[in-house]
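Engineer: Here is a sequence together with a model predicted from it:
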There are 2 protein chains.
Amino acid sequence: MDSAPPAPPSSPPPSPWLPFESRRRARDEKREAVLRAAVQLFLEQGYHRVTLNEVAERLNITKPALYNYFRGKDEILFECWSMGAELVDSVITEINAGGGSGLARLRKLVHAYAALMATDFGASLVRFDLRDLTERNAAVARAAKKRIDATFRRYLADGIADGSVRPCDPKLAAFAIAGALNWIGHWYRRDGTLSPTGIADEFTVRLTEGLATESRQQMTKKTPRAPRRRNSGRKPPGKKRTGGTR
Amino acid sequence: MDSAPPAPPSSPPPSPWLPFESRRRARDEKREAVLRAAVQLFLEQGYHRVTLNEVAERLNITKPALYNYFRGKDEILFECWSMGAELVDSVITEINAGGGSGLARLRKLVHAYAALMATDFGASLVRFDLRDLTERNAAVARAAKKRIDATFRRYLADGIADGSVRPCDPKLAAFAIAGALNWIGHWYRRDGTLSPTGIADEFTVRLTEGLATESRQQMTKKTPRAPRRRNSGRKPPGKKRTGGTR
DNA sequence: CCGATATATTACCAGCGGGTAAGAAAAAGT
DNA sequence: ACTTTTTCTTACCCGCTGGTAATATATCGG
């Protein structure tokens, strides 16, 4: 999330491969540029309708050049998915680090997750079909999904235990909440009238108002804004891959 | 056109094309058999991974035979989708015919919709990608989706107006509810531990408890069972297509 | 300026899968 | 029984797209 020192002092053009410009940027930057282009196309048109030629063309290169960075189309898909998974993971890590009741943590998660669903890599979490991945990578993805689901359930269970959440079935409640959130990734449009933060705010109240023990409980309005530098201890920015290879 | 009487008195085997049996059933029955086989495969493996050969094979016929009933693969997809849309439409029609407060009707819709998501044709509503359709058919599908969304919003707005629902933004609330419901189509498994009616019951309370004006309002427990096809009264069996062609 | 290495290109292949043409085999009509 | 019509099969095509080989061009260390 807050990794990679923004950029060397130079303007960041959309594509590092300007037709005949200095194409000497670091390998990882190019890799990421491929992912950004790919995730956008995949979301726009759907994985199967996007050809590698299209991805390459958008980057001013040709198809085989992609194979310097990825083993194949499905690996690109997986890496896009992983980017989203890492975002969620870092959100969860941060919430876990902080305190609060079960309900409070649940609300933080709902808010952050809703906002994530309005981003490309976030949406890719729910719009890509894991069956397009190799069995190995699909297993990694399933595991990550399971962790996320478990987190929702744990916050709910914790909330019931500490009295901040009304008794309910955590499994089904988590499905309901996660479902409403995931669906954002399907209907949200950048050019629409609703802003990501607006959606996140509204969903936070809407999805938890029925669960809270006190009807008008104080809604901790702590929008994390810029994450303070104070998490210097845990989570080093360096390549914290979720796992998965081919 | 729709002269075909419902069915000759005989048992309905899974496939009307038993290897070398009497293959003289009515055309529409075969058409539907294709759709049932197709929707199952599409959900199992995903549209793009299913070949027409596979569909045909499961029916003990060969690929070109399918072209006697459909113009192409994408039309089969659309017809599957339409089956689901018709189910939802009939649910809505039925609820509209009955009375009740906005909240009461919303709850009926949530309950019926949740149950639908646990069926093949119901799930196809949210698991199929409309971009695989021709532009013409996609437009029909979008229109149907819009009608469904509008219904959710209307019930909410009605509920706010008649005082059964707390004031809220109907648009976002509808998105939240519909999202949670639609997601069922993605995680529900026939062989799981949760029953469709159990899910429907739970979701009905979970998704509306926060909206109700009175916390413990009487939950009208009128399970309308499965919306049986061939409901003799309304919706004449004759090709009441949603629209759409190629 | 010169090899070595990373990076990109041109040209190509192979398989898959939707779709079609032509004709066999049932069903239905007469 | 013979024709007509519907239904289904065998055989085929062809375009598309992921992936590869061989080669060219930067980039960099020296």
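Structural biologist: The structure has been received and is ready for your questions. Residues are numbered from 1 along each chain as shown, chains lettered A, B, ... in the order given.

Engineer: only C-alpha atoms for contact and neighbour calcs from this point on.
Structural biologist: Fine.

Engineer: Next, count neighbours for the residue in chain A positioned nearest to chain B.
Structural biologist: Residue of chain A nearest chain B, by CA to the nearest CA: A:Gly210 (3.7 Å). For A:Gly210, the count of nearby residues is 21 (other CA atoms under 10 Å in any protein chain shown).

Engineer: now the one 3 residues further on
Structural biologist: For A:Thr213, the neighbour count with other CA under 10 Å is 16.

Engineer: For B:Ser101, see how far away the residue of chain A closest to chain B is.
Structural biologist: 20 Å (CA to CA, to the nearest Å).

Engineer: Ok, A:Gly46 next?
Structural biologist: Using CA to CA, A:Gly46 is found at 41 Å from B:Ser101.

Engineer: cool, and A:Ile148?
Structural biologist: Going from A:Ile148 to B:Ser101 by CA to CA gives 37 Å.

Engineer: Am I right that A:Ala33 sits in a helix?
Structural biologist: Yes - assignment of A:Ala33 by DSSP: H, G, I helix; E, B strand; the rest coil places it within a helix.

Engineer: What residues does chain A have near DNA strand D?
Structural biologist: Applying CA under 7 Å from any atom of the strand, one finds that chain A approaches DNA strand D through A:22-24, A:48-53, A:63-64, A:67, A:71-74.

Engineer: Just those residues: which are in helices?
Structural biologist: Assigned to helices by DSSP state H, the following of the residues of chain A next to DNA strand D qualify: A:Leu52, A:Asn53, A:Lys63, A:Pro64, A:Lys73, A:Asp74.

Engineer: Got the domain ranges for chain A?
Structural biologist: Chain A breaks down by automatic domain parsing into domains covering A:13-70, A:80-225.

Engineer: Let me know whether A:Cys80 touches A:Asp120 as I believe.
Structural biologist: No - the pair A:Cys80 / A:Asp120 is not scored as a contact, 9.0 Å apart, by CA atoms under 8 Å.

Engineer: Now the common contact residues for the two.
Structural biologist: Common neighbours of A:Cys80 and A:Asp120, using CA atoms under 8 Å, 6 or more residues apart in numbering or on different chains, are A:Val39.

Engineer: Output the longest helix belonging to chain A.
Structural biologist: helix A:135-162.

Engineer: Which strands and helices lie in contact with that one?
Structural biologist: Counting contacts by 3 or more CA pairs under 8 Å, 6 or more residues apart in numbering or on different chains; DSSP states H and E, helix A:135-162 packs against helix A:73-97, helix A:102-117, helix A:170-187.

Engineer: Could you give me the buried positions within that helix?
Structural biologist: The neighbour-count check on helix A:135-162 (16 or more other CA atoms under 10 Å in any protein chain shown) flags A:137-138, A:140-141, A:144-145, A:148, A:151-160 as buried.

Engineer: ok, now stretch A:27-35?
Structural biologist: Those buried within stretch A:27-35 under the rule 16+ other CA under 10 Å are A:Lys30, A:Arg31, A:Ala33, A:Val34, A:Leu35.

Engineer: so where does the first one fall, helix or strand?
Structural biologist: This means A:Lys30. A:Lys30 is part of helix A:27-45 when elements are defined by DSSP states H and E.

Engineer: shouldn't A:Val91 be in contact with A:Val110?
Structural biologist: No - at 10.4 Å, A:Val91 does not count as touching A:Val110 under the criterion of CA under 8 Å.
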